[in-house]
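**Q** generate a structure from the sequence data that follows.
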Amino acid sequence: MVSPVESRRSPKPKSGPSSPIVFLGTCIAGVAVVFLYSYLNSTSDFSSSSLEALESVPSLISRRHDKYLYWGTRIDCPGKHCQSCEGLAHQESSLRCALEEALFLQRTFVMPSRMCINPIHNNKGFFHQSDNASAEENWNANSCSMDSLYDIGLISETVPVILDNSKMWYKVLTTSMKLGDRGVSHVERVTRVDLKNTSFSNLLLINRTASPLSWFAECKNRNNRSALILPYSFLPSMAAKKLRNAADKIKEILGDYDAIHVRRGDRLKTRRDRNGVERTLSPHLDRDTRPEFILRRIEKWVPPGRTLYIASNERTPGFFSPLSVRYKLAYSSNYSRLLETLIENNYQLFMIERLILMGAKTFIRTFKEDDTDLYLTDDPKKNTKNWQIPVYTMDEKGR
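**A** Numbers count the residues shown, from 1 in each chain. The predicted structure is shown next:
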């Protein structure tokens, strides 16, 4: 289902708010009517807390900018990912990019009220795919409310946010009906610097169509960390309060601890070349994330006898048990009584684990992401083309 605002897309990219007033007024009136109808009939699709997430915090209303930025009803949609669903990290990169633009433009960001959950990254078994259901119904069944993941009020202390199923968003749409050509404009292929000029600055609402590849493609310098407005740690630290509270309880139980994040699972994917030889994008990863190699790698960083929290997507029972010869091991499963009534999907579990990892005295990643990182493998995190033969011993070399 395409968002009412998105349905106003013009056939050609616009460089300014120059649509005819009559056409604009008619379109916005239609938007408001459609949104009002959907709003009054959507209480079963969205959590009640989402509807009042920001309005219930009076101190945040004064921080909200009086102009708005809308990127779409779903993360990375419009675009090639409208009918698919990327993982949490991918979606967070896109969401952070949109929040950065709102911060740069000094506008309130209209955040999607739901996030899709990739079934590859979830084993809670609550997905309900039906042949008779519409694509929209299946998408809603495989998604969760944004405020079940993030603290909307906490985010708004840095970047003012409203959800796209909130009363405030309805008020924005109805107000735009009264403003004529100063109400809303659809923009495409326009940089954030250009959006800050006077031809856009007086608009109540900017309806942005981001890159059809992914939202984060709009942040051209995302690989240059010094160019980031919001740090990579921003959204992980904005976890919903119940998730933060759970992480704090676990950290209190752990006491003084170290932690490693071991990425295996999907990253160990192989394929056969034309000669039938198996190849992979990370030739040393399977070797470097096995217990005997982890022990060798981390001995200079983590002294014997320390409590070591392990976060991993490895599903083999007891896989990391050999590490217990040197360390006291801890996993999220040790705290199942605390988590089982709280966790609805693996995105929530991963967000809790990220907070636990961030609280460790020494934290070791799987891949190097920054010059100061400690990491398990020298394989690059980003590799999409060079398929190599897996290496399993210290004296082998990938080819």
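**Q** only C-alpha atoms from now on, for both contacts and neighbour counts.
**A** Will do.
**Q** ranges for the strands of the stretch 251-399 of the chain?
**A** Taking DSSP state E, counting those that start in this stretch as the test, the strands found in the stretch 251-399 of the chain are 257-262, 270-272, 278-280, 307-312, 328-330, 363-365, 374-375.
**Q** just name the most buried of those.
**A** Most buried of the strands of the stretch 251-399 of the chain by mean neighbour count (mean count of other C-alpha atoms under 10 Å) is strand 257-262; its value is a mean of 23.
**Q** tabulate the strands of the stretch 251-399 of the chain (CSV), appending distance to residue 246 and mean pLDDT.
**A** Output for the strands of the stretch 251-399 of the chain, formatted as CSV (distance: least, C-alpha to C-alpha, whole Å; pLDDT from 0 to 100):
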stretch, distance to residue 246, mean pLDDT
strand 257-262, 17, 98
strand 270-272, 36, 90
strand 278-280, 37, 93
strand 307-312, 15, 97
strand 328-330, 15, 98
strand 363-365, 19, 98
strand 374-375, 26, 97
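**Q** make CSV from these and add distance to residue 103 to it.
**A** Below are these laid out as CSV (distance: least, C-alpha to C-alpha, whole Å):
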stretch, distance to residue 103
strand 257-262, 31
strand 270-272, 41
strand 278-280, 40
strand 307-312, 33
strand 328-330, 39
strand 363-365, 30
strand 374-375, 32
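**Q** quick one, which of these gets closest to residue 93.
**A** Closest of those to residue 93 is strand 363-365, at 18.4 Å (criterion: C-alpha to C-alpha).
**Q** what sits up against that closest one?
**A** Residues outside strand 363-365 that contact it (C-alpha atoms under 8 Å, 6 or more residues apart in numbering): 258-262, 357, 373-376.
**Q** what strands flank it, and is each parallel or antiparallel?
**A** strand 257-262 (parallel), strand 374-375 (parallel) (DSSP bridges).
**Q** mind putting these into TSV with distance to residue 335?
**A** Output for the strands paired with strand 363-365, formatted as TSV (distance: least, C-alpha to C-alpha, whole Å):
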stretch	distance to residue 335
strand 257-262	15
strand 374-375	26
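**Q** just to revisit the earlier point, tell me the one among the contacts of strand 363-365 nearest to residue 238.
**A** Nearest to residue 238 among the contacts of strand 363-365, with distances taken as C-alpha to C-alpha, is residue 357, at 14.8 Å.
**Q** quick one: pLDDT of the closest one?
**A** On pLDDT, residue 357 comes in at 97.
**Q** out of everything not next to it in sequence, what's closest to it?
**A** Using C-alpha to C-alpha, 6 or more residues apart in numbering and skipping residues adjacent in sequence, the residue nearest residue 357 is residue 259, 5.8 Å away.
**Q** any idea how far that neighbour lies from residue 231?
**A** 21 Å (C-alpha to C-alpha, to the nearest Å).
**Q** would you map the helices across the stretch 151-300 of the chain?
**A** In the stretch 151-300 of the chain, helices defined by DSSP state H, counting those that start in this stretch lie at 152-156, 167-177, 192-195, 198-201, 241-254, 285-288, 291-298, listed in chain order.
**Q** ok so, going back, mind checking which of the strands of the stretch 251-399 of the chain is nearest residue 244?
**A** strand 307-312 (16.6 Å).
**Q** outside of the closest one, which residues touch it?
**A** 254, 256-264, 327-332, 353, 357.
**Q** hmm, try it at 7 Å
**A** Applying C-alpha atoms under 7 Å, 6 or more residues apart in numbering, the set of residues contacting strand 307-312 from outside is 257-263, 327-331, 353.
**Q** okay then, goodbye and thanks.
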